[in-house]
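Enquirer: The sequence and its predicted three-dimensional model are supplied below.
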Protein chains: 2
Amino acid sequence: MERIEHHASFKGRQEVWQHASASTGTDMKFGIYLPPQALAGERCPVLYWLSGLTCSEQNFITKAGVQQYAAQHGLIVVAPDTSPRGPGVPDDAAYDLGQGAGFYVNATQQPWAAHYRMQDYVAEELPALIEQHFPATQARGIFGHSMGGHGALVTALRHPGRYRSVSAFAPIAAPAQVPWGQKALTAYLGSDPKVWADWDAAALIAQARAERLPLLIDQGEADEFLPQLRPDLLQAACEKAGHPITLRMQPGYDHSYYFIASFMGEHVAHHAAALRG
Amino acid sequence: MERIEHHASFKGRQEVWQHASASTGTDMKFGIYLPPQALAGERCPVLYWLSGLTCSEQNFITKAGVQQYAAQHGLIVVAPDTSPRGPGVPDDAAYDLGQGAGFYVNATQQPWAAHYRMQDYVAEELPALIEQHFPATQARGIFGHSMGGHGALVTALRHPGRYRSVSAFAPIAAPAQVPWGQKALTAYLGSDPKVWADWDAAALIAQARAERLPLLIDQGEADEFLPQLRPDLLQAACEKAGHPITLRMQPGYDHSYYFIASFMGEHVAHHAAALRG
């Protein structure tokens, strides 16, 4: 494991690490913010961020403004890349499939199955690595944006007890019912919608497999991708299943990091209340 | 004048505009943050940001986290590009000369003189444009980073009475005495050091041409470009001339936007005190 970037930030340190991942069979990069409390030797809870389509580990750490709030609340924040990468890794010319678009599933279909095991990576391998090598407690939260909002919701719902808190910005909330999701789930998992249901937040809520972890979701009303996101379907599933959800429609906001940054403070506070409360 | 981007941000709006500039003879872009107070119809003071080498108008608006604080204090924040650009504009293969590296001077030498009139642009044309087309008062502050920190200091010192406040992050504080500055000043203005003195913050302070506008400067102690910046020379000039300066050496911080974001709140508060006080 090698540290490839480090920058002082809000009296803590933003770092980027690279390591050989057993899950993906590739080198993977992740950003990690160590708050001042961690630098002073205190073990801190860890908040995981999953990014959206086309992102690497860089977008979130440079644009979301999370460091200020993480420093305030004493949270470590970890932000991995969105897929395996490299010349030996299958890819697709489209922005919404292949490298940069792993959808946080474990692929079963060719040519993806060998490397695209992002669910194992974010839910198992990465937390184990973080808890071994950094001053982290086992208190975990998870959040993300768009494809990464889907990833955060699904990862939390598939692993009852593993996360104390979850939230999302403009998540792909019902991937089995929208074009982005149907394309990716078909490519990575095959064409059986019964299989897709294990990777769809709205469907997981309906199955009542999950514990009742409250969902906090912010969604811009001016988001140009709203037909791909469908938080209304997730909200309906939650209401039917009695699963607690706070869906906030934010007038005027789009799908960009300007939207994310505007509500980052409230999301980090939501996680801090569960992780340090 | 055409608006080419707009995004809701902290209850205000981050926009990018493009217009034909009389100063540079090219199309120029600038970012402008309109705080919620401006959207509600209130005229607001304007804080100008000048970016560093290689930057466009995008770096600052996406990475510095200024919008949060501008919304809090009710300031408009304007961030122009760092040079004229385009196929008809002279350039240099090096990152520190030509497009992306205008140094905020009015060039007198060939091939630069026709388009590289960034001082006229940032000190005259842009404020006139902003005050005509946006809900702006004539209360102006100016700040910047690295080459743009030099630009902010020099622009304020060259125009007594035009700005109520000035600050800088890791400015090129004595360009006539460092390689970056000597290269650019020679290319744009010729080889006479007497001419350079009109474009060098430390030299302007020594000339006592300027009003006694207090300088606030943050400088990272781990900044890899410190030999190009030399805030110590500016501080010595201020001490000799009795010009008020607060130079804060920040342990561990480098030259990046992580450094800028960490102290952005304090800089905006410094300007707000002068602009709204």
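Expert: Perfect, thanks for sending it.
Enquirer: Near chain B, which residues of chain A are found?
Expert: A:7-11, A:13-14, A:62-63, A:65, A:67-68, A:220, A:222, A:250-254, A:256-259, A:261-262 (Cβ under 8 Å from any Cβ of the partner chain). For glycine as for every other residue, the C-beta is placed from the backbone atoms N, C-alpha and C.
Enquirer: Out of these, which end up buried?
Expert: Using 16 or more other Cβ atoms under 10 Å in any protein chain shown as the burial test, those include A:7-11, A:13-14, A:62-63, A:65, A:67-68, A:220, A:250, A:252-254, A:256-259, A:261-262 as buried.
Enquirer: Which is the succeeding secondary structure element to the least confident helix or strand in chain A by mean pLDDT?
Expert: Counting by mean pLDDT, DSSP states H and E, chain A has its least confident helix or strand at helix A:201-207, which shows a mean of 94. Using DSSP states H and E, the helix or strand that follows helix A:201-207 towards the C-terminus is strand A:215-220.
Enquirer: residue nearest the centroid of chain A?
Expert: By Cα atoms, centre = their mean, chain A has its centre lying nearest to residue A:50, at 2.4 Å.
Enquirer: what's across from that residue in the sheet?
Expert: Beta-bridge pairing for residue A:50 (DSSP bridges): residue A:144.
Enquirer: ok, so what distance separates it from chain B?
Expert: Per Cβ to the nearest Cβ, to the nearest Å, residue A:50 is found 20 Å from chain B.
Enquirer: just residue A:223 next, same as before
Expert: 10 Å.
Enquirer: residues touching that residue, list them.
Expert: When contacts are counted by Cβ atoms under 8 Å, 6 or more residues apart in numbering or on different chains, residue A:223 touches A:170, A:229, A:253, A:254, A:255, A:259.
Enquirer: In three-state terms, how would the fourth one be classified?
Expert: Classification of residue A:254 by DSSP: H, G, I helix; E, B strand; the rest coil places it in coil.
Enquirer: what residues are up against it?
Expert: When contacts are counted by Cβ under 8 Å, 6+ apart, residue A:254 touches A:220, A:222, A:223, A:224, B:7, B:8.
Enquirer: and which of the residues you listed is nearest to residue A:246?
Expert: Nearest to residue A:246, judged by Cβ to Cβ, of the contacts of residue A:254 is residue A:220 at 15.6 Å.
Enquirer: dump the residue contacts of the nearest residue to the closest one once chain neighbours are set aside.
Expert: Distance criterion Cβ to Cβ, 6 or more residues apart in numbering or on different chains; nearest residue to residue A:220, sequence neighbours excluded, is residue A:253 at 3.1 Å. By Cβ under 8 Å, 6+ apart, the residues touching residue A:253 are A:218, A:220, A:221, A:222, A:223, A:259, A:262, B:7, B:8.
Enquirer: Farthest pair within those residues?
Expert: A:218 and B:7 (14.7 Å).
Enquirer: Need the contact partners of the lengthiest helix in chain A.
Expert: In chain A, taking DSSP state H as the definition, the longest helix is helix A:257-276. Residues from elsewhere that reach helix A:257-276 (Cβ under 8 Å, 6+ apart): A:45, A:47, A:59, A:63-66, A:68-70, A:72-75, A:139-141, A:143, A:145, A:164-165, A:167, A:169-170, A:216, A:218, A:220, A:223, A:250, A:253, B:7-11, B:14, B:62, B:65, B:67-68.
Enquirer: and if you look at stretch A:32-40?
Expert: So stretch A:32-40 is in contact with A:9-17, A:44, A:61, A:66-67, A:70-71, A:73-79, A:130, A:134-135, going by Cβ under 8 Å, 6+ apart.
Enquirer: Write the ChimeraX selection for whichever of those are buried.
Expert: Listed next is the ChimeraX selection for buried residues among those, using 16+ other Cβ under 10 Å:
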select /A:9,10,11,12,13,14,15,16,17,44,61,66,67,70,71,73,74,75,76,77,78,79,130,134,135
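Enquirer: out of the contacts of stretch A:32-40, which are inside strands?
Expert: Among the contacts of stretch A:32-40, the members found in strands (DSSP state E) are A:9, A:12, A:13, A:14, A:15, A:16, A:17, A:44, A:76, A:77, A:78, A:79.
Enquirer: give me every residue that touches the first one.
Expert: In this case it means residue A:9. Contact analysis of residue A:9 by Cβ under 8 Å, 6+ apart lists A:33, A:67, A:71, B:258, B:259, B:261, B:262.
Enquirer: so it bridges to which residues?
Expert: Going by DSSP bridges, residue A:9 forms beta bridges with residue A:12.
Enquirer: Show the pLDDT at the residue nearest to residue A:215 when sequence neighbours are not counted.
Expert: In this structure, residue A:215 finds its nearest non-sequential neighbour in residue A:245, 4.4 Å apart by Cβ to Cβ, 6+ apart. In this model, residue A:245 is scored at 97, pLDDT.
Enquirer: Tell me, how many residues neighbour residue A:245?
Expert: Residues near residue A:245, counting by other Cβ atoms under 10 Å in any protein chain shown, number 18.
Enquirer: give me phi/psi at the residue nearest to residue A:56 when sequence neighbours are not counted?
Expert: Distances taken as Cβ to Cβ, 6+ apart place residue A:81 nearest to residue A:56, at 5.3 Å, with adjacent residues excluded. Here is the backbone geometry of residue A:81 (degrees, to the nearest 10): phi -60, psi 170.
Enquirer: separation between the residue of chain A most remote from its centre and chain B?
Expert: Distance from the centre of chain A peaks at residue A:40, with 27.5 Å (Cα atoms, centre = their mean). In this view, residue A:40 and chain B are 13 Å apart by Cβ to the nearest Cβ.
Enquirer: do residue A:230 as well
Expert: 21 Å.
Enquirer: my read: that residue touches residue A:177, true?
Expert: Yes - using Cβ atoms under 8 Å, residue A:230 is in contact with residue A:177, at 6.4 Å.
Enquirer: quick one, helices of chain A?
Expert: Under DSSP H, chain A gives helices at A:36-39, A:58-63, A:66-73, A:118-120, A:126-133, A:147-158, A:179-189, A:193-196, A:201-207, A:226-229, A:231-241, A:257-276.
Enquirer: Just the pLDDT for the residue nearest to residue A:56.
Expert: At residue A:81 the predicted local confidence, pLDDT, stands at 98.
Enquirer: Wait, it touches residue A:28, no?
Expert: Yes - if you go by Cβ under 8 Å, residue A:81 and residue A:28 touch, sitting 5.9 Å apart.
Enquirer: Residue A:94 and residue B:187: what is the separation?
Expert: 44 Å (Cβ to Cβ, to the nearest Å).
Enquirer: Stretch A:170-183: which residues count as buried?
Expert: Along stretch A:170-183, these residues count as buried under the neighbour rule (16+ other Cβ under 10 Å): A:170, A:171, A:172, A:173, A:174, A:175, A:176, A:177, A:178, A:180, A:181, A:183.
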